[in-house]
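Colleague: below are the sequence and a predicted model for it; my questions follow.
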Amino acid sequence: MRNAKTLEIGVIGCGSMGAELAGVVGHDGPGGIPGARVTALLDVDAEQGRALADSLDSHPGSFTDQAEFLTSGDIDIVVECASQVAVRAHGEAVLRSGRTLLLMSSGALMDPELSAALLSASEETGAQIIVPSGAVGGIDALRAVRADLDSVTIVSTKRPAALEGAPGFAEWEGREITEPVTLFDGPAAEAVKLFPANVNVAATVSLAGIGSERTMVRVVADPESPGNVHEIRANGGFGEFIFKLVNRPHPKNPKTSHLAVLAAIESLRALVNPGLRVGT
Ligand SMILES: NC(=O)c1ccc[n+]([C@@H]2O[C@H](COP(=O)([O-])OP(=O)(O)OC[C@H]3O[C@@H](n4cnc5c(N)ncnc54)[C@H](O)[C@@H]3O)[C@@H](O)[C@H]2O)c1
């Protein structure tokens with residue numbers, strides 16, 4: 001027998017990730033999230049919100065205003081799939097309203113002031129902040145051995161086109177790269193400034209493990225890279241693990257790995273349909 005209550009989901013950000021996630025809410029079957037429905041959408045771009053609302057059977061309200069979104073009806077869980085700016089603009093209000101916040105723009109938590117404000121709101125209301133594993137994996141193992149970690153490194157390898165526009169790629173902009181080039185080797189705290197598109201991966205790994213000053217990041221541009229490749233290596237008293245992901249880009253946004261959306265969907269599924277949970 002299913003939960004009596006259908007959980008009501010609000011989504012902030014109706015782009016590639018938000019649209020795919022909202023599209024599977026309420027559906028039975030392997031890729032779906034039964035027992036839930038999307039009731040409200042928030043996006044700075046009214047057209048994005050409206051287009052997604054029109055495509056959903058649950059006919060959610062679509063808003064550009066935070067207060068209207070939060071008071072529009074029943075929302076149990078808010079899923080943020082928008083941007084770090086959106087976390088800054090809406091995260092605290094969501095938590096202060098007592099809703100669980102599933103947060104995809106985890107890079108926002110690298111800002112100590114914002115992070116402290118969100119944690120304080122969470123403590124006061126008891127509302128949880130959940131950061132899905134996103135575009136990486138092994139986060140459960142990393143968390144489990146956190147107290148026993150000596151070192152954590154991430155090597156992120158991408159094709160040059162996927163790094164264009166990043167401040168850390170500036171000197172290579174317009175130049176041909178014919179073999180793998182290491183663009184950066186240093187702490188995650190520094191990497192996220194030079195490669196903001198990598199910020200979520202570095203942030204999630206740092207938050208789960210030993211923090212952004214001790215987590216080391218190497219960024220490599222490789223014209224032959226088979227996708228967005230992330231290799232996480234952790235060492236400590238527990239032993240060692242090496243976790244490698246070769247991610248395909250999302251068909252609607254090449255900067256987002258498709259795995260990130262699937263991880264968000266899986267986290268939401270676990271919240272909505274508790275039952276048996278393996279590995280969390
Ligand atoms: N955790 C991870 O591993 C991981 C992986 C990939 C992407 N992400 C992050 O997830 C987020 C969503 O990714 P996406 O591919 O769906 O992006 P997208 O650009 O396809 O869509 C983002 C949507 O959010 C809206 N938006 C942006 N700022 C907003 C704000 N302040 N308030 C309300 N709406 C706002 C945009 O109008 C757009 O419709 C991004 O921040 C991205 O960096 C996280």
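Modeller: Arrived safely. Owing to the predicted nature of the structure, the values given are computational and were not obtained by experimental measurement. Numbering: from 1, shown residues only.

Colleague: from now on I want contacts and neighbour counts done on CA atoms only, so please keep to that.
Modeller: OK.

Colleague: verify the contact between His250 and Ser257 for me.
Modeller: Yes. Counting by CA atoms under 8 Å, His250 sits close enough to Ser257 to count as a contact (5.2 Å).

Colleague: elements contacting the helix or strand in which Ala203 is found?
Modeller: Assigned by DSSP states H and E, Ala203 falls within helix 199-208. With contacts taken as 3 or more CA pairs under 8 Å, 6 or more residues apart in numbering; DSSP states H and E, helix 199-208 sits against helix 139-144, helix 188-194, strand 215-221.

Colleague: okay, and the helix or strand of this protein with the least pLDDT?
Modeller: Lowest mean confidence among the helices and strands of the chain (mean pLDDT, DSSP states H and E): strand 253-257, at a mean of 81.

Colleague: so which other helices or strands are in contact with it?
Modeller: strand 249-250.

Colleague: for the most centrally placed residue in the chain, what are phi and psi?
Modeller: Residue closest to the mean C-alpha point of the chain, counted by CA atoms, centre = their mean, is Met104 at 2.6 Å. Main-chain torsions, Met104, degrees, to the nearest 10: phi -90, psi -30.

Colleague: was I right about it contacting Val131?
Modeller: Yes. Counting by CA under 8 Å, Met104 does reach Val131; the two are 6.3 Å apart.

Colleague: which residue does the stretch 101-250 of the chain have closest to the ligand?
Modeller: The minimum distance from the stretch 101-250 of the chain to the ligand, using CA to the nearest ligand atom, falls at Gly134 (3.4 Å).

Colleague: correct me if wrong: that residue contacts Ile265.
Modeller: No. Assessed by CA under 8 Å, Gly134 is found out of contact with Ile265, at 9.8 Å.

Colleague: any common contacting residues for these two?
Modeller: Both Gly134 and Ile265 lack any common contact, where contact means CA atoms under 8 Å, 6 or more residues apart in numbering.

Colleague: so which bits of the stretch 101-250 of the chain are right by the ligand?
Modeller: Within the stretch 101-250 of the chain, the positions adjacent to the ligand are Met104, Ser105, Ser106, Gly134, Ala135, Asn200, Val201 by CA under 6 Å from any ligand atom.

Colleague: of the residues you listed, which is the nearest to Arg146?
Modeller: Val201 (17.1 Å; CA to CA).

Colleague: about what we covered before: for burial, what's the neighbour tally of the residue nearest to the residue of the stretch 101-250 of the chain closest to the ligand when sequence neighbours are not counted?
Modeller: Using CA to CA, 6 or more residues apart in numbering and skipping the chain neighbours, the partner closest in space to Gly134 is Ala260 (3.9 Å). Neighbourhood size, Ala260 [other CA atoms under 10 Å]: 23.

Colleague: now do the helix or strand hosting Ala260 against helix 199-208, angle only.
Modeller: For Ala260, the element it lies in under DSSP H and E is helix 258-272. Angle of helix 258-272 versus helix 199-208, following axes from the mean of the first three to the mean of the last three CA atoms, to 10 degrees, is 50 degrees.
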